[in-house]
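Peer 1: Following is a predicted model, sequence given first.
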Number of protein chains: 2
Amino acid sequence: MRKKNTVARTPSTTSRAIPGAGRRVTSYDVALLAGVSQSAVSRCFKPGASISQATHAKVMQAAISLDYIPNAAARSLITRRSNLVAVIISNLANLYYPQVLSDLSQQIARQGKRLLLFTLEREADIGKVLCDVWQYQVDGAVVAACLSDEQMAEFGRRDVPLVLFNRSPREHAVHAVLCDQAEAARLLVSRLAEAGHRQFAIIDGPGDSAVAQERKAGMLDRLLSLGLPAPIVVSGNYDYASGGRGLRKVIDRLGRVPDAVICGNDIMAIGCLDTARHQMGIQVPLQMSVAGFDALDASGWLSYDITTLRQPVQKMATDAVAMLGELMERRGGSAERRRYCSYLVEGSTARLTVEQPYFGMMAAA
Amino acid sequence: MRKKNTVARTPSTTSRAIPGAGRRVTSYDVALLAGVSQSAVSRCFKPGASISQATHAKVMQAAISLDYIPNAAARSLITRRSNLVAVIISNLANLYYPQVLSDLSQQIARQGKRLLLFTLEREADIGKVLCDVWQYQVDGAVVAACLSDEQMAEFGRRDVPLVLFNRSPREHAVHAVLCDQAEAARLLVSRLAEAGHRQFAIIDGPGDSAVAQERKAGMLDRLLSLGLPAPIVVSGNYDYASGGRGLRKVIDRLGRVPDAVICGNDIMAIGCLDTARHQMGIQVPLQMSVAGFDALDASGWLSYDITTLRQPVQKMATDAVAMLGELMERRGGSAERRRYCSYLVEGSTARLTVEQPYFGMMAAA
DNA sequence: TTGTAAGCGTTATCAT
DNA sequence: ATGATAACGCTTACAA
């Protein structure tokens, strides 16, 4: 019955109803040419299989002359491993941290896996995407987007190892690498408060960014516990323009320049800074401090030198894939949640130490 | 014989030698539960197959209750379509144009395909990557990296539609979307020359960037044909620091400030500009013009407002996938090469018009 | 070490 | 409209 298969494979049978292509080269073709069995061919492509030098050579020669490459679909059907890793990332995250995707890609390749990429225009699209993920029987997934509890549970049910990237799962049994955004935000507020800032303003990130919500929550939390006046909170959407717009709204609402503006990310901080300096003539940091989050490359440029919080994103990406790798090898293992700390990059857009009083007076004048 | 399969699928057979997972849910399980044949189940998941309402409902209900999702590997084995599109992109390109990857991803998803991503640390890695591409039987590929003629030919031999992104194939029969880098560079040089710049300097991109080479060639070409003095050429690697370093080298070699510095991309232009203004006290554009390529978001920020050339990358990405889509539908079609023009963004870092003489004198003073 | 044969989970081609 | 049944191209016992 398989014989029939072998016969059907002679070059004479050319006409096929398949739309485009001429027949594909299979391991049978190679076997025929090399004068060995099909399984011998298969073994030649399996590292560490028992094969004699002689046949290996014959097979490889035949394979090369036919341009033969094993078919991953057929292989994964029988081995039940696709060697695919899904990466699900929101568009936002990709645009602001292109480095992350590059790192994930490198690390996944290093593990001998391929990367199936899904980007989300809106986080709400994740349902459809997951359906694709299941179809392709990925061996694991790194997700930098919001999953519902039910969605996380489905990974468990389908035995697909999952590592969340920068999302804190409510559900306990989920692996994650994450940066404590709220704690970072608290740290920043504390440092600014110590340096004497009292009236804060927050230019918040978009509502569908989990990271933005955590940052805001951390700020509000610490401001409250320090007994400082309620901050002005305006919303932005992480882009340059909303930094400038946000600052204008803040000043409008407050009737004056706040002591410190904390922006949900560095892009907005840069926008805010540019508007303050170039359009409103505000001296930063003398009259007002500006701080952001992320420590982008641009944040360190001479024209900005933003005071910001750096997340070790590269390390996080590397570790996420390493974690996933272990999960894929020996499935199971207890849920691990690896936390990373942001650290403060003390740029020059915020006063972080108490000035001599008269300096402060002069600046205000 | 298939019967055996059906039997083997009763819940009683639980023990399997497969490492981790319990048995997967297959269409046989669904068929059994719904009380129909396996092929009926298959048809239910094929859009536009002939199925009665009644059975469709029964099957879907069973499928949902079992969490059944068709297996893409098995499907692609028989249909000879993986519904995968490979995207091969150099790390460089991804970091500087994250938008491109996002756009490609969206468009590929819109065509009902999934994106298999390969990023290249070095362009030399492409050989290994291609091997993976063949294994996974992708339906098509978008490549933003350098391919040898032989490599392009292999796409043809294997009947995998290919669209090059921003690489001009020497080979004729290859589809591509590209931006004429050399022409853009010539345009820029001409405009600067018209405005009176004579001594040019070039801060070149890295040697393994095809785009950088084309840009440089275009500049040199036009400078020569205009009979202008030979430019100082120093090499950079597309990052911020090499912009500043490049400027210092240029001034070192020239013994004075050049009339115009053209940088291989905007990041270097920004670095050059920052160093000129903040560290060397050079007035831009009064004493020296600075220009770049790409029109990044950052190039438009108030602190910079770089004079630069914009490539319609978003449109290019969209069109590349559209082209690929057509190729995948009705295979074949004549090789199309879609060219796009860069257009000049007249920022404020370069003089583009002839100043009144005495203004020029004042500036120099 | 090698060959034989039984799947892996689908879709496609037939009859019915 | 539905159900048998034969591929698809591979890996992996098992036997030789």
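Peer 2: Noted; the coordinates are in hand. Note that this is a predicted model, so its numbers are computed, not measured.
Peer 1: okay, CA-based contacts and neighbour counts for the rest of this
Peer 2: Noted.
Peer 1: Tell me where the stretch 251-365 of chain A has strands.
Peer 2: A:260-263, A:289-294, A:307-310, A:337-340, A:343-345 (DSSP state E, counting those that start in this stretch).
Peer 1: Quick check: neighbours of the first one in the sheet, parallel or antiparallel?
Peer 2: In the sheet, strand A:260-263 lines up against strand A:200-204 (parallel), strand A:289-294 (parallel) (DSSP bridges).
Peer 1: Identify the residues contacting residue A:249.
Peer 2: Going by C-alpha atoms under 8 Å, 6 or more residues apart in numbering or on different chains, residue A:249 touches residue A:234.
Peer 1: Run the angle between the host helix or strand of it and strand A:200-204 for me.
Peer 2: Using DSSP states H and E, the element containing residue A:249 is helix A:240-254. When axes from the mean of the first three to the mean of the last three C-alpha atoms, to 10 degrees is applied, the directions of helix A:240-254 and strand A:200-204 differ by 140 degrees.
Peer 1: Averaged pLDDT, helix A:240-254. What do you get?
Peer 2: Averaging pLDDT along helix A:240-254 gives 98.
Peer 1: related to what we said a few turns ago, so of the strands paired with strand A:260-263, which one's packed in deepest?
Peer 2: Here the criterion is mean neighbour count by mean count of other C-alpha atoms under 10 Å in any protein chain shown, and of the strands paired with strand A:260-263 the winner is strand A:289-294, at a mean of 28.
Peer 1: Residues contacting that strand, please?
Peer 2: Defining contact as C-alpha under 8 Å, 6+ apart, one finds that strand A:289-294 is touched by A:259-269, A:272-273, A:284, A:306-311, A:349-351.
Peer 1: Apply 6 Å and report the result again.
Peer 2: By C-alpha atoms under 6 Å, 6 or more residues apart in numbering or on different chains, the surrounding residues in contact with strand A:289-294 are A:260-263, A:265-266, A:269, A:307-310, A:349-350.
Peer 1: now stretch A:77-92
Peer 2: The contact list for stretch A:77-92 (C-alpha under 6 Å, 6+ apart) reads A:76, A:113-121, A:138-145.
Peer 1: Show me these that map onto strands.
Peer 2: Using DSSP state E, the members of the contacts of stretch A:77-92 that fall in strands are A:114-120, A:140-144.
Peer 1: For ChimeraX, what selects the buried ones among these?
Peer 2: A single ChimeraX command selects the buried members of those (16 or more other C-alpha atoms under 10 Å in any protein chain shown):
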select /A:114,115,116,117,118,119,120,140,141,142,143,144
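Peer 1: Pipe the ones in strands among the contacts of stretch A:77-92 into a markdown table and attach pLDDT per row.
Peer 2: As requested, the ones in strands among the contacts of stretch A:77-92 are exported to a markdown table (pLDDT from 0 to 100):
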| residue | pLDDT |
| --- | --- |
| A:114 | 98 |
| A:115 | 98 |
| A:116 | 98 |
| A:117 | 97 |
| A:118 | 97 |
| A:119 | 96 |
| A:120 | 95 |
| A:140 | 97 |
| A:141 | 98 |
| A:142 | 98 |
| A:143 | 97 |
| A:144 | 94 |
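Peer 1: biggest separation within the ones in strands among the contacts of stretch A:77-92, which pair?
Peer 2: Using C-alpha to C-alpha, the ones in strands among the contacts of stretch A:77-92 span at most 19.3 Å, a distance reached by A:114 and A:120.
Peer 1: Apart from its neighbours in sequence, what residue is nearest residue A:260?
Peer 2: residue A:289 (4.4 Å; C-alpha to C-alpha, 6 or more residues apart in numbering or on different chains).
Peer 1: mind checking pLDDT for the one you found?
Peer 2: 98.
Peer 1: With residue A:151 instead?
Peer 2: 95.
Peer 1: State the distance from it to residue A:108.
Peer 2: 23 Å (C-alpha to C-alpha, to the nearest Å).
Peer 1: Pick out whichever of those two has more residues nearby.
Peer 2: Between residue A:151 and residue A:108, residue A:108 has the larger neighbour count (other C-alpha atoms under 10 Å in any protein chain shown), namely 25 against 14.
Peer 1: List the contacts of residue A:121.
Peer 2: Applying C-alpha under 6 Å, 6+ apart, the residues near residue A:121 are residue A:91.
Peer 1: again, only this time at 8 Å
Peer 2: Per C-alpha under 8 Å, 6+ apart, neighbours of residue A:121: A:90-92, B:106.
Peer 1: can you tell me which of those lies nearest to residue A:322?
Peer 2: residue A:90 (21.3 Å).
Peer 1: Quick one: neighbours of the closest one, just the number.
Peer 2: That count, for residue A:90 with other C-alpha under 10 Å as the rule, works out to 22.
Peer 1: Quick check: phi and psi at it.
Peer 2: Note on residue A:90: its backbone torsions stand at phi -70, psi 150 [degrees, to the nearest 10].
Peer 1: Would you mark the buried spots in the helix holding residue A:249?
Peer 2: A:240-250.
Peer 1: quick one: secondary structure of residue A:221?
Peer 2: Recorded secondary structure, residue A:221: helix (DSSP: H, G, I helix; E, B strand; the rest coil).
Peer 1: Against residue B:145, how distant is it?
Peer 2: For residue A:221, the distance to residue B:145 - C-alpha to C-alpha - is 48 Å.
Peer 1: Check residue A:282 too.
Peer 2: Distance from residue A:282 to residue B:145, by C-alpha to C-alpha: 46 Å.
Peer 1: These two: which has the busier surroundings?
Peer 2: Regarding residue A:282 and residue B:145, a neighbour count based on other C-alpha under 10 Å identifies residue B:145 as having more, with 26 against 16.
Peer 1: Which stretches in the stretch 51-200 of chain A count as strands?
Peer 2: Going by DSSP E, counting those that start in this stretch, the stretch 51-200 of chain A shows strands at A:84-90, A:114-120, A:140-144, A:162-165, A:175-179, A:200-204.
Peer 1: Dump the first one to CSV, restricted to CA.
Peer 2: Going back to what we said before, that points to strand A:84-90. Output of strand A:84-90 as CSV, limited to C-alpha atoms (Å, rounded to 0.1, in the frame of the first residue of the first chain):
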residue,chain,number,x,y,z
LEU,A,84,7.3,26.9,16.7
VAL,A,85,7.1,29.5,19.4
ALA,A,86,4.3,32.0,19.3
VAL,A,87,5.1,35.6,20.2
ILE,A,88,2.1,37.8,20.8
ILE,A,89,2.8,41.4,21.2
SER,A,90,0.8,44.5,21.1
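Peer 1: Next, the angle strand B:114-120 makes with it.
Peer 2: 90 degrees.
Peer 1: need the contact list for residue A:169.
Peer 2: Counting by C-alpha under 8 Å, 6+ apart, residue A:169 touches A:149, A:176.
Peer 1: pLDDT score assigned to it?
Peer 2: At residue A:169, pLDDT is 79.
Peer 1: And for residue A:364?
Peer 2: Reading off the model, residue A:364 has pLDDT 42.
Peer 1: picking that back up, let's have the strands of the stretch 51-200 of chain A in TSV, adding distance to DNA strand C.
Peer 2: Formatted as TSV, the strands of the stretch 51-200 of chain A follow (distance: least, C-alpha to the nearest atom of the strand, whole Å):
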stretch	distance to DNA strand C
strand A:84-90	16
strand A:114-120	20
strand A:140-144	17
strand A:162-165	21
strand A:175-179	26
strand A:200-204	45
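Peer 1: Relative to residue B:163, which of the ones you listed is closest?
Peer 2: Per C-alpha to C-alpha, nearest to residue B:163 of those: strand A:114-120, 18.8 Å.
Peer 1: quick one: strands adjacent to that closest one?
Peer 2: Strand A:114-120 is paired, per DSSP bridges, with strand A:84-90 (parallel), strand B:114-120 (antiparallel).
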